[in-house]
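Visitor: Fold the following for me, if possible:
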Amino acid sequence: MVGFSHGAVIRRQQFLTRCLGGYSSSTTNIRYSSAVKMQSSASGGGGASPEVDAVTILRSITPSLDTSRHKGQAGKIAVVGGCREYTGAPYFAAISALKIGADLSHVFCTKDAATVIKSYSPELIVHPILEESYSVREEDKKSISAKVIEEVDKWMERFDCLVIGPGLGRDPFLLDCVSEIMKRAKRSNVPMVIDGDGLFLVTNSLDLITGYPLAVLTPNINEYKRLVQKVLECEVNDRDGTQQLLSLAKGIGGVTILRKGASDLISNGETVSAVSSFGSPRRCGGQGDILSGSVAVFISWARQCTEKRELSAGPTVLGCIAGSVLLRKAASHAFESKRRSTLTTDIIEHLGESLEELCPVSE
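Guide: Sure, this is the predicted structure:
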């Protein structure tokens, strides 16, 4: 099986199923899970990763619901992203955080994106403070940048986690402002989940995250390739994928990396964990935004747990594992009913029931 790509594995599975007869939704996840295991074997070589008990980890960090809790204790998340072209991504990340159980979800975006994002849901707190180069004169850039940072600073201490990058775009002035926001987050010891164009930013400015243990990177296949080339100065080696992921996380000073794929691999430079349960063969855009919002919530919950008791790993690793398994569970539910027409919004609607299945609310 060494020469098979993931797509080839799936197609072969489907061909065998048709030959044997039958194509039911009840067998879909079994086939897909089998394909994941086959792909892991194909790409593993000396880099096989241990599958973690992700459901148990999710349950261990998910807080109970009781009448003694007040607003804000279940998490206050902020998404930094959203520009003229991209308004869906920050919405997906922010609303996913609420659907999982965060109490408050903020979005810091450009003025052009704010009204659009507000129109998607009244549940989000939207701050139209970011600016792009086209709307700023050269002589005003310094003062406007200072105003942006000042506004975000007012809120920074209140947040349990930031999500940097969904729908951010690559405007130079905007990225400069976000770089300063990230520096302030580090000073305030606020965790950051970095995705999308946030990964473009940190790949070109590694000092923003190097050595910061509360930083999480969630690269897809292409974003991971660029990180490997930048940090390790080589190409991606799937035959020894586990060791390369370890080296990459260690090379960035112990940040946590969630490498998205058929099997999600998570490392902080010390250990590597794999999550391959559930899942869906549908690859609609926006699933990474759900993941980033989900991971942010679980990191905030895991940090609360570490203050009360010893846990098996750090909050960023635990948050990645829990966020990964929940997304995969919700995606499998959405695919069962929607099949090829599954969209990101369908997956979001299954987040709540999926969390309830994995971790029921106590009566």
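
Visitor: so how many other residues sit close to the closest residue to residue 147 other than its chain neighbours?
Guide: Distances taken as Cβ to Cβ, 6 or more residues apart in numbering place residue 129 nearest to residue 147, at 7.7 Å, with adjacent residues excluded. C-beta coordinates here come from the backbone N, C-alpha and C atoms, glycine included. Per other Cβ atoms under 10 Å, the neighbour tally for residue 129 reads 18.

Visitor: close enough to count as contact, residue 129 and residue 151?
Guide: Yes: in this structure, residue 129 is within contact of residue 151 by Cβ atoms under 8 Å, at 4.9 Å.

Visitor: In which helix or strand does the residue nearest to residue 147 reside?
Guide: Assessed by DSSP states H and E, residue 129 sits inside strand 125-130.

Visitor: Next, the buried residues of that strand.
Guide: 126, 127, 128, 129, 130 (16 or more other Cβ atoms under 10 Å).

Visitor: Throw these into a markdown table and include distance to residue 211 and pLDDT, thanks.
Guide: Shown next, in a markdown table, are the buried residues of strand 125-130 (distance: Cβ to Cβ, whole Å; pLDDT from 0 to 100):
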| residue | distance to residue 211 | pLDDT |
| --- | --- | --- |
| 126 | 32 | 98 |
| 127 | 29 | 98 |
| 128 | 33 | 98 |
| 129 | 28 | 97 |
| 130 | 27 | 97 |
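
Visitor: Out of those residues, the closest to residue 237 would be?
Guide: residue 130 (37.7 Å; Cβ to Cβ).

Visitor: How many residues are close by the residue lying closest to that closest one once chain neighbours are set aside?
Guide: Distances taken as Cβ to Cβ, 6+ apart put residue 110 closest to residue 130, at 4.5 Å, once the chain neighbours are dropped. Residue 110: 24 surrounding residues under other Cβ under 10 Å.

Visitor: picking that back up, give me the residues contacting the strand holding residue 129.
Guide: Residues outside strand 125-130 that contact it (Cβ atoms under 8 Å, 6 or more residues apart in numbering): 80, 82-83, 104-111, 113-115, 117-118, 147-148, 151-152, 155, 174, 177-178.

Visitor: Neighbouring strands of that strand in the sheet, and parallel or not?
Guide: Paired strands of strand 125-130, with direction, are strand 104-110 (parallel) (DSSP bridges).

Visitor: what element comes up after the partner strand heading to the C-terminus?
Guide: helix 111-120.

Visitor: quick one: residue 197 and residue 292, what's the gap?
Guide: According to Cβ to Cβ, to the nearest Å, residue 197 and residue 292 sit 12 Å apart.

Visitor: So which of these two has more stuff around it?
Guide: residue 292 (34 against 24).

Visitor: Nearest residue to that one in space, ignoring adjacent ones along the chain?
Guide: residue 195 (4.2 Å).

Visitor: contacting residues for that neighbour?
Guide: Contact analysis of residue 195 by Cβ under 8 Å, 6+ apart lists 93, 163, 164, 165, 166, 217, 218, 288, 289, 291, 292.
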